[in-house]
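J.: Turn this into a structure:
(chains A and B)
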There are 2 protein chains.
Amino acid sequence: MKALVYTAPEQLEYRDVANPAPAPGHHLVRIESVGICGSDMHAFLGHDDRRPAPLILGHEAAGTVTGGPMDGTRVTINPLVNCGTCRACRAGRENLCSKRQIISLPPREGAFAQFVAMPERNLVQVPDHVSLDVACLAEPVAVGWHAIRLGIDAMAHDKVQTALVVGGGAIGVAAAISLIAQGVTDVTLIDPNSLRRDYLNLGPYVDVQAPAEINGRMFDLTVDCVGYDATRASCCAATRPGGVILHVGLGGGSAGLDIRHMTLQEITFIGTYTYTAQDFRDTCAAMFDGRLGPLDWTDTRPLGDGAAAFGDIREGRIAAPKIILKPA
Amino acid sequence: MKALVYTAPEQLEYRDVANPAPAPGHHLVRIESVGICGSDMHAFLGHDDRRPAPLILGHEAAGTVTGGPMDGTRVTINPLVNCGTCRACRAGRENLCSKRQIISLPPREGAFAQFVAMPERNLVQVPDHVSLDVACLAEPVAVGWHAIRLGIDAMAHDKVQTALVVGGGAIGVAAAISLIAQGVTDVTLIDPNSLRRDYLNLGPYVDVQAPAEINGRMFDLTVDCVGYDATRASCCAATRPGGVILHVGLGGGSAGLDIRHMTLQEITFIGTYTYTAQDFRDTCAAMFDGRLGPLDWTDTRPLGDGAAAFGDIREGRIAAPKIILKPA
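T.: Coordinates of the predicted model:
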């Protein structure tokens, strides 16, 4: 099959590789749509020790099962493979499984390829009225959905009315539309990139602004979808007493939080990572029945042009929060 | 009346001051027992901008109402006076009231004195079988009780089985006994002071250890009752994936948290401060019916010897987590 292989820092090669051989209980999925994630970019730049070259990246994928009893079924893929037996799995927190694997992290190859092999429990059937370019967004949208669920749960005694999302990439957009779908209708999203701000139209409940425009306003919930010192500091300063900071971004650093302020004002910081299996299914259901909006904030490119797409994203030349690659 | 007045950094004077004049709705309480808190020590050293000299410190007090319809009633004092009308107060989070006042912070004088004036709603009646030396512990114990309640609430979906308490002062002890009273029976408390460790006997469910002894063990819940960079780092390293760090101490700094680790392992950090009015009442009920143990980890001194007691605490010469001062 053809695959886009990460061969060395800042090097991607579109070349022939062996087809995956499905293990027992796995299905072969012919990939039709696969998104480029910030973590793929991080790996491409050589900054992710968990993803050493050579490796096929990509974990936001949808396609059609080929062969076996599910042959022809259109599916979107939950890329997180868990053991099912540890304490975290038994508690329904599969994302904290001590043996968790994700496609695009060894030992599992990713989905920038014509085929991927996946366990059946990781496949969610896609209804006919939903395109696979939309369906492959289930993974990044589930990251936002999960974070927002944790934040609303943490504030169960004091209903969330206002929220700030920091970062207008796919995860920030996912957080914003998940807030609305989960009942928070006063949402502000900030991003310093005017190209991105001009592109985004997320409906009447999401106010897209430049960071300086929030100007001292306080929010019940803040969501850091970037994860650098400066964005944590912005969230910390904009969270009201008793409020919650959701930390989704993996930018880097450990500064930015004002610990004394957070203690005296009882601010909670929640680290959030991926999603549970139930969150993934709930996200798919919300996508499929329209609660998450038109999901049209994407561009598509042929998988063979993937290296150029990485370059364009890196240079900030892309307005859309998500580029979807299409294997031939 | 006689009072112990903080007159300048590291200066306390036992001297005559005017009796407080109770405002409408306030009662005059003759103080019989008043504890020295770490925050009193912080102010005494000149490190608390919120407590400028001259000022009467002290906010952990019990005594007997003098005059009025409650004359002769033995009470313990909730020192936190709130507005009752703001969003936080209406949500039952009086500790986050935007107009909150605490005795020993201007404009309210503290309880290192023969009398304090308090609103009736801040007084909890003490049953005859409970001494006022025990009753005055309601305030510091409520700080621990409140923190543990927040932590158990945050982990409602995944029962807390093990907990680590960092710091063997009164707040650490309060957290440990509150854990047990709230159903967590595998509690480890660490403190570097061997004098303190040798003194503490908190029953069969609390293992008191030197910090090095925990040696890589992981806990569902960790409680930082100190609040310095090093203790936050200890808590962060000892909290299992999906676990919660409760941050009660106000030591200082903003480092110690490994943000990437907390994000990938979904660790929650909760800033906690004082207690709600309901927590204070719940703490009193638990103290009065014996659920919090014998509450015998105190020493007493005459209020007139208060300056010497501050010196002894500062030099680490006190084994007991709490010194109670007794006005004449």
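J.: Only C-alpha atoms from now on, for both contacts and neighbour counts.
T.: Will do.
J.: The residue nearest to A:Arg291 when sequence neighbours are not counted - how many residues pack around it?
T.: Using CA to CA, 6 or more residues apart in numbering or on different chains and skipping residues adjacent in sequence, the residue nearest A:Arg291 is A:Ala181, 5.7 Å away. Neighbour count for A:Ala181, taken as other CA atoms under 10 Å in any protein chain shown: 19.
J.: Contact partners for A:Ala181?
T.: Residues counted as contacts of A:Ala181 (CA atoms under 8 Å, 6 or more residues apart in numbering or on different chains) are A:286, A:291-292.
J.: again, but for A:His42
T.: A:Asp48.
J.: for it, phi and psi?
T.: The phi and psi torsions at A:His42 (degrees, to the nearest 10) take the values phi -60, psi -40.
J.: Could I get the pLDDT score of it?
T.: pLDDT, A:His42: 93.
J.: how near is it to A:Thr76?
T.: As defined by CA to CA, to the nearest Å, A:His42 lies at a distance of 24 Å from A:Thr76.
J.: of all the residues in chain A, which ones are close to chain B?
T.: Contact residues, chain A versus chain B (CA under 8 Å from any CA of the partner chain): A:91, A:96, A:154, A:157-158, A:241-242, A:247-250, A:252-255, A:257-260, A:262-273.
J.: so how far is chain B from the residue nearest to the spatial centre of chain A?
T.: The residue lying closest to the centre of chain A (CA atoms, centre = their mean) is A:Pro140, at 2.4 Å. As judged by CA to the nearest CA, to the nearest Å, A:Pro140 and chain B stand 16 Å apart.
J.: A:Asp207 now?
T.: Separation of A:Asp207 from chain B (CA to the nearest CA): 24 Å.
J.: centre of the chain versus stretch A:195-206, how much separation?
T.: Centroid separation for stretch A:195-206 versus its chain: 18 Å, with CA atoms, centre = their mean, to the nearest Å.
J.: sorry, back to before: I'd say the residue nearest to the centre of chain A and A:Val173 touch.
T.: No - using CA atoms under 8 Å, A:Pro140 is not in contact with A:Val173, being 9.4 Å away.
J.: Provide the contact partners of stretch A:262-269 at residue level.
T.: A:236, A:239-247, A:261, B:96, B:247-250, B:268-273.
J.: Ends of that stretch, what's the gap?
T.: End-to-end distance of stretch A:262-269: 9 Å, with CA to CA as the criterion.
J.: mean confidence for that stretch?
T.: pLDDT averaged over stretch A:262-269 gives 98.
J.: from the chain's centre, how far out does that stretch sit?
T.: That offset, for stretch A:262-269, works out to 27 Å (CA atoms, centre = their mean).
J.: buried sites along that stretch?
T.: Buried residues in stretch A:262-269, counting neighbours by 16 or more other CA atoms under 10 Å in any protein chain shown, are found at A:262-269.
J.: Out of the residues you listed, give me the two with the largest separation.
T.: Maximum pairwise distance in the buried residues of stretch A:262-269, criterion CA to CA, is 13.8 Å, between A:Leu264 and A:Phe269.
J.: Pretty sure A:Ile56 sits against A:Phe112.
T.: Yes - look at A:Ile56 against A:Phe112 with CA under 8 Å: they come within range, at 6.2 Å.
J.: So for these two, which residues contact both of them?
T.: Joint contacts of A:Ile56 and A:Phe112 (CA under 8 Å, 6+ apart) are A:3-5.
J.: So which of those residues belong to strands?
T.: A:3-5 (DSSP state E).
J.: Switch those residues over to TSV; also include neighbour count and pLDDT.
T.: Below are those laid out as TSV (neighbours: other CA atoms under 10 Å in any protein chain shown; pLDDT from 0 to 100):
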residue	neighbour count	pLDDT
A:Ala3	26	98
A:Leu4	26	98
A:Val5	25	98
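J.: A:Asp312: which of those residues is nearest?
T.: Looking across those and measuring by CA to CA, the closest to A:Asp312 is A:Leu4, at 16.2 Å.
J.: what sits against that closest one?
T.: Applying CA under 8 Å, 6+ apart, the residues near A:Leu4 are A:12-15, A:56-57, A:112-113, A:303-304, A:306.
J.: Quick check: beta-bridge partners of it?
T.: As for beta bridges, A:Leu4 partners with A:Tyr14 under DSSP bridges.
J.: the helices in the stretch 201-328 of chain A, which residues?
T.: A:229-238, A:259-264, A:277-288, A:306-314 (DSSP state H, counting those that start in this stretch).
J.: who touches the first one?
T.: Think helix A:229-238. So helix A:229-238 is contacted by A:164, A:166, A:216-219, A:222-224, A:245, A:252-258, A:262 (CA under 8 Å, 6+ apart).
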